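> predicted model and sequence below, questions to follow.
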Amino acid sequence: MSERAKAADGTRKTVRNLVIVVVAMFGFGYLMAPLYDVLCKATGIGGRTGRTDAQAVGTEAVDSARTITVEFTGNTNSGLPWEFRPLVKKLEVHPGQVYEVKYLVRNPTDETITAQAVPSVTPFVTATHFKKLECFCFTQQTLKAGESREMPVRFVVDAGVDREVRTITLSYAFFNTDKASAQRYGAAPQDPIPGAHDHHAHAAGG
């Protein structure tokens, strides 16, 4: 094989390899979100909080000798024009004891909107010890035009949390689940929208 033919063959191999890499990276980008979500649920990495039931909590002793400050925050994605905030900004809690706080949400627009809240906890190492018994984030929330709602969160910090922890922050991010609606209100086309659906396809399917 001539040097020229060898060079051409090498170029073709390089192009083929680059195409494979690009396709692999594109596919990996699609897989990252669900894989990361599974990892978060399994390990607590990323601040995803746990879900539990009252029966499981009832067997745990309250550590009244320890006090932890739990702070509450909330925000909305750029594609969701709702007003959203905690009614209590912080609470002193004892590990093992169940508490309840409420968030207020209001839809000031002239249309019905459905949204999904995504919780996170910091420090991340405390996420697996922050258990929710009841939370508006368990289901999508639909508010009619002008409607407001108080939404409860019942939770417990289990006694296994690191004794060095003094403060835990529970945060919620609310996302518009309708892509078309979210983009009308300012969300970028590439913005992640948990539980999103195409408005027209959904309407056509009933």
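Now that the structure is in, tell me what you want to look at.

> ok, how many other residues are close to residue 182?
When counting by other CB atoms under 10 Å, one arrives at 25 neighbours for residue 182. For every residue, glycine as well, the C-beta is placed using N, CA and C.

> list the helices and strands whatever helix or strand it lives in packs on?
Assigned by DSSP states H and E, residue 182 falls within helix 179-184. In terms of contacts (3 or more CB pairs under 8 Å, 6 or more residues apart in numbering; DSSP states H and E), helix 179-184 is packed against helix 199-205.

> the helix it packs on - what's its average pLDDT?
Average pLDDT, helix 199-205: 38.

> then stretch 84-93?
98.

> for it, which positions count as buried?
84, 86, 91, 93 (16 or more other CB atoms under 10 Å).

> what's across from the third one in the sheet?
Here residue 91 sits in beta bridges with residue 70, as judged by DSSP bridges.

> kindly report the same for the second one.
Taking DSSP bridges, one finds residue 103 as the beta-bridge partners of residue 86.

> for it, give its distance to residue 166.
With distances taken as CB to CB, to the nearest Å, residue 86 is found 20 Å from residue 166.

> what about stretch 148-166, average pLDDT?
Mean predicted lDDT for stretch 148-166 stands at 97.

> in it, what counts as buried?
Buried residues in stretch 148-166, defined by neighbour count with 16+ other CB under 10 Å: 151, 153, 155-159, 161, 165.

> as TSV, those with secondary structure and distance to residue 132 would be great.
Compiled in TSV, these are given as follows (DSSP: H, G, I helix; E, B strand; the rest coil; distance: CB to CB, whole Å):
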residue	secondary structure	distance to residue 132
151	strand	12
153	strand	7
155	strand	5
156	strand	8
157	strand	11
158	coil	12
159	coil	17
161	coil	15
165	coil	18
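
> with distance to residue 174 as extra columns, can I get those in TSV?
As requested, those are arranged in TSV below (distance: CB to CB, whole Å):
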residue	distance to residue 174
151	10
153	13
155	18
156	23
157	23
158	26
159	31
161	26
165	26
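
> any stretches of this structure with poor pLDDT?
1-59, 189-206 (pLDDT under 70).

> which stretches in it count as strands?
For the chain, applying DSSP state E gives strands covering 50-51, 68-76, 83-86, 90-93, 98-106, 113-122, 130-135, 141-143, 148-157, 167-176.
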